[in-house]
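1. Everything below, folded, please.
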Amino acid sequence: MKGDDCSSDDNSSCIKVAVRIRPFLPIESGSKSCVEVLPDEPNPANDDDQDGIGKVIQIGSGKNKDTSFTFDHALSGNVSQNLVFITCVLPLLESCLDGYNATVLAYGQTGAGKTYSVLGAATRASMSKMEQGELDDSAGIIPRALHEVFLRLNERKQQEHRSSSFEFQVRIQFLELYGEEIRDLLASTTTPD
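-> This is a model prediction of the structure:
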């Protein structure tokens, strides 16, 4: 991946682990969180809004905040869907466009926010925007990745068209593994086996 500490040139593999803390649901409002993302040291060279992004989460409350875990990326509940995409998925997408394979795995217990992170909000407004080729703020990783892949391929096609023929083939799979069942999230309809 570009700009990361692992290189595809030396045939090594690189696994990055990101954790996203689910924000409280309306029914949970007023509750106190026992999980906190510790911010990275401020970087004046980075103009992006990095609020709620770090590498370390701390678990506990009050005086019992003694357990911490370090990840490649830790994102708090107030981080936008777009920032999740830019931080965790966009570098993989760029590598894919350079010819490398990539996998994103969303893992967690029921109700942890995997579906929202991956698909986004399934509201009429967001679906209507997607049908028009636009992304709603709540759009998840899948619609953002698809939008970005075809946007960048179209840009490359425009650039390469001047000098030579440009051809591309896209194969994407978005699968859900739940229990012992695998479901294709891009299938227009699901049929029982």
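2. what is the mean pLDDT for stretch 24-44?
-> For stretch 24-44, mean pLDDT is 80.
3. let me redo that: stretch 71-86
-> For stretch 71-86, the mean confidence score works out to 93.
4. In the chain, what helix or strand scores lowest on average pLDDT?
-> In the chain, no helix or strand scores lower on mean pLDDT, DSSP states H and E than helix 124-131, which sits at a mean of 77.
5. Give the buried residues for that one.
-> Neighbour counts over helix 124-131 (16 or more other Cβ atoms under 10 Å) mark 126, 129-130 as buried. For every residue, glycine as well, the C-beta is placed using N, CA and C.
6. which residues are in contact with that helix?
-> Identification of contacts with helix 124-131 by Cβ atoms under 8 Å, 6 or more residues apart in numbering yields 120, 135-136, 138-139, 143.
7. quick one: the most centrally placed residue in the chain from residue 15, how far?
-> When Cα atoms, centre = their mean is applied to the chain, the residue found nearest the centroid is residue 85 (4.0 Å). Applying Cβ to Cβ, to the nearest Å, the value for residue 85 to residue 15 is 19 Å.
8. and if you look at residue 121?
-> 29 Å.
9. Among those two, which residue is more densely surrounded?
-> More crowded of residue 121 and residue 15, by other Cβ atoms under 10 Å: residue 121, with 15 against 8.
10. Can you mark which positions in the helix or strand encompassing residue 71 are buried?
-> Following DSSP states H and E, one finds residue 71 within strand 67-75. Judged by neighbour count (16+ other Cβ under 10 Å), strand 67-75 contains these buried residues: 73-75.
11. What is whichever helix or strand comes after it packed up against?
-> Counting by DSSP H and E, the next helix or strand C-terminal to strand 67-75 is helix 81-84. Counting contacts by 3 or more Cβ pairs under 8 Å, 6 or more residues apart in numbering; DSSP states H and E, helix 81-84 packs against helix 141-161.
12. Contacts for the helix it packs on, please.
-> 81-82, 84-85, 88-90, 93, 96-97, 104, 106, 117-120, 130, 133, 135, 139, 166, 168, 170, 172, 174, 185-186.
13. Going through the residues you listed, which ones are buried?
-> 81, 84-85, 88-90, 93, 96, 104, 106, 117-120, 130, 135, 139, 174.
14. Which of those residues fall in helices?
-> 81, 84, 90, 93, 96, 117-119, 130 (DSSP state H).
15. Report the two of those separated the most.
-> Using Cβ to Cβ, the pair of those lying farthest apart is 96 and 130, separated by 21.1 Å.
16. pLDDT below threshold where in the protein?
-> Low-confidence segments of the chain (pLDDT under 70): 1-13, 42-50, 161-166, 189-193.
17. For residue 15, grab phi and psi.
-> For residue 15, the backbone dihedrals (degrees, to the nearest 10) come out as phi -110, psi 130.
18. gap between it and residue 130?
-> From residue 15 to residue 130 the distance is 30 Å (Cβ to Cβ).
19. for residue 65, same thing?
-> Distance from residue 65 to residue 130, by Cβ to Cβ: 41 Å.
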